[in-house]
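Trainee: Pasting the sequence and the predicted model now:
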Amino acid sequence: MAALTHTAARAAGALASVARVPIWLAGVAGADKSFSKNPILGNPTLNRLGLHVARVQLAGRMAERRRARLGALIDPADRAAFDRDGIVIKRDFLDPEAFRALKEEVFGRSFPARELRQGQAVQRMVPLGRDNLPGLPQLAALTRNPTLRGLTYYAASRAGEPVYYLQTVVAEPDGPNDPQTALHADTFHATTKGWFFLHDVAEEDGPFVYVPGSHRATPERLAWEREQSIAARSAANSHHAAGSFRIREEELGALGYGKPVRVAVPANTLVIADTFGFHARAPSLRASTRVTVHTYIRRNPFLPWTGLDPKALPGLRGRELSLYLGFQDLKRRLTGRGAPWRPVGPVPVDAPAQV
């Protein structure tokens, strides 16, 4: 009887795997990056034959073509800086009066928030979108700023509807290691993250770190990507196995890149980066709190067009993040698993960590 039960369980597992094959194949043609969750992406033989590198190269070519159509949206000097370095830094982004009004709107009130603890850092998230931006005119104006939008589109190599949220990083230097302090690429293709800083960030506060030029896939980088992909599914580091490859600073030179640069900036600075490039959050040497308006765009890297974003349709525009978090909450209630962001209720954006 036990043998029959075991055989039935194995058969059910095999059928479930077969049923998931179309989903895994669709992931290969899309933005899936996890070598541990998608057995096609993680297959060592396929990656020895060049599956992962082919995806990196094709995504890179498509990004170049899309950016060529988006270049007119940004200042030529910003375009040259981004094409060279993969990052644009714009100090004094807003005029002083607009920046003062924005800070008054953000600070001194409470927002429904979520928090995530990663080692010595706690991140707080306040989604910004259709549900709250109508009552936050300064933040709404920032999210519509054409320079911010143009840089976000160009870095992401696609237009569409960006996600915005207030992000607070509470650094606790005595805590355990923060996985974000390791140099890494977010994924295998061009993608963007942006921060508009409401606080000064000094060298000792754990600033953003970026490797200039690492958004370009050199031949050495492609060889390194192939090597990583072959063994990624069994990597001890779960982030690496999930497709966010980690790299040591001493390896950068062999890939044709220079040294990492710390992006310590004053308040009222906008930073936009392609996070296919290697980046990290420097360890904080002192307790600190910083607040930014964070933005990103994530779409299928193989699409030839720059627009036609379904998330910009009426009913979905400005709701991507809140819908995602709502789905994750439901998933957690039903299965006990879901996104690690924990609701902490209404809190000021610069409050001490709640988790």
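Mentor: Received it, and whenever you're ready, just let me know what you need.
Trainee: CA only for contacts and neighbour counts going forward, please
Mentor: Noted.
Trainee: What residue spans form the domains of the protein?
Mentor: Annotated domains of the chain cover 1-30, 32-299+309-348 [automatic domain parsing].
Trainee: need the ones you listed in CSV with mean neighbour count, mean pLDDT and distance to Q354, can you?
Mentor: Listed next are the domains of the chain as CSV, based on neighbours: other Cα atoms under 10 Å; pLDDT from 0 to 100; distance: least, Cα to Cα, whole Å:
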stretch, mean neighbour count, mean pLDDT, distance to Q354
domain 1-30, 12, 68, 36
domain 32-299+309-348, 19, 94, 7
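Trainee: which other residues reach stretch 96-105?
Mentor: For stretch 96-105, contacts defined as Cα atoms under 8 Å, 6 or more residues apart in numbering pick out 136, 138-139, 198, 268.
Trainee: picking that back up, Serialize the domains of the chain to TSV and add fields for distance to V355.
Mentor: Formatted as TSV, these follow (distance: least, Cα to Cα, whole Å):
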stretch	distance to V355
domain 1-30	34
domain 32-299+309-348	7
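Trainee: mind listing what G307 touches?
Mentor: With contacts defined as Cα under 8 Å, 6+ apart, the neighbours of G307 are 158-160.
Trainee: so how far is stretch 347-355 from its chain's centroid?
Mentor: How far stretch 347-355 lies from its chain's middle: 22 Å, per Cα atoms, centre = their mean, to the nearest Å.
Trainee: actually stretch 338-355, sorry about that
Mentor: Distance of stretch 338-355 from the chain centroid (Cα atoms, centre = their mean) equals 19 Å.
Trainee: go on, stretch 113-120?
Mentor: Centroid separation for stretch 113-120 versus its chain: 15 Å, with Cα atoms, centre = their mean.
Trainee: Ok, stretch 171-188 next?
Mentor: 13 Å.
Trainee: got the end-to-end distance for that stretch?
Mentor: Counting by Cα to Cα, to the nearest Å, you get 29 Å between the two ends of stretch 171-188.
Trainee: What are the buried residues along stretch 348-355?
Mentor: Along stretch 348-355, these residues count as buried under the neighbour rule (16 or more other Cα atoms under 10 Å): 349-350, 353.
Trainee: For N47, which non-adjacent residue is spatially closest?
Mentor: I230 (5.5 Å; Cα to Cα, 6 or more residues apart in numbering).
Trainee: other SSEs contacting the helix or strand containing the one you found?
Mentor: If you go by DSSP states H and E, I230 is part of helix 219-231. Contacts defined by 3 or more Cα pairs under 8 Å, 6 or more residues apart in numbering; DSSP states H and E place helix 219-231 against helix 44-48, helix 51-70.
Trainee: can I get these in CSV with distance to G243?
Mentor: Listed next are these as CSV, based on distance: least, Cα to Cα, whole Å:
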stretch, distance to G243
helix 44-48, 13
helix 51-70, 10
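Trainee: So what does R84 look like in phi/psi?
Mentor: R84 has phi and psi values of phi -80, psi -50 when expressed as degrees, to the nearest 10.
Trainee: What sits closest to it if chain neighbours are left out?
Mentor: Spatial nearest neighbour of R84, excluding adjacent residues (Cα to Cα, 6+ apart): G213 at 6.0 Å.
Trainee: hmm, back to that, in helices only, show me the contacts of stretch 96-105.
Mentor: Counting by DSSP state H, those place 138-139 in helices.
Trainee: Now for the contacts of stretch 96-105: which two are most distant?
Mentor: Taking Cα to Cα as the measure, the contacts of stretch 96-105 reach their widest spread between L136 and N268, a distance of 18.0 Å.
Trainee: which phi and psi does F278 have?
Mentor: Dihedral angles for F278 - degrees, to the nearest 10 - are phi -70, psi 140.
Trainee: That one against Q180, yeah?
Mentor: No: assessed by Cα atoms under 8 Å, F278 is found out of contact with Q180, at 11.3 Å.
Trainee: what do those two both touch?
Mentor: Between them, F278 and Q180 share no contacting residue under Cα under 8 Å, 6+ apart.
Trainee: Out of the buried residues of stretch 348-355, which comes closest to I247?
Mentor: A353 (29.6 Å).
Trainee: Against F99, how distant is that closest one?
Mentor: From A353 to F99 the distance is 25 Å (Cα to Cα).
Trainee: can you redo the contacts of stretch 96-105 as JSON lines with distance to A54?
Mentor: Formatted as JSON lines, those follow (distance: Cα to Cα, whole Å):
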{"residue": "L136", "distance to A54": "44"}
{"residue": "Q138", "distance to A54": "44"}
{"residue": "L139", "distance to A54": "40"}
{"residue": "L198", "distance to A54": "40"}
{"residue": "N268", "distance to A54": "40"}
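Trainee: so what's the residue nearest to L198 when sequence neighbours are not counted up against?
Mentor: Among residues not flanking L198 along the chain, A267 sits closest, at 4.9 Å (Cα to Cα, 6+ apart). Each residue near A267 by Cα under 8 Å, 6+ apart is listed here: 92, 197-201.
Trainee: Do you have the strands of the stretch 201-350 of the chain handy? List them.
Mentor: 208-210, 261-263, 269-274, 279-281, 288-297, 342-348 (DSSP state E, counting those that start in this stretch).
Trainee: now the first one, how far from the centre of its chain.
Mentor: When you say that, I think you mean strand 208-210. 13 Å.
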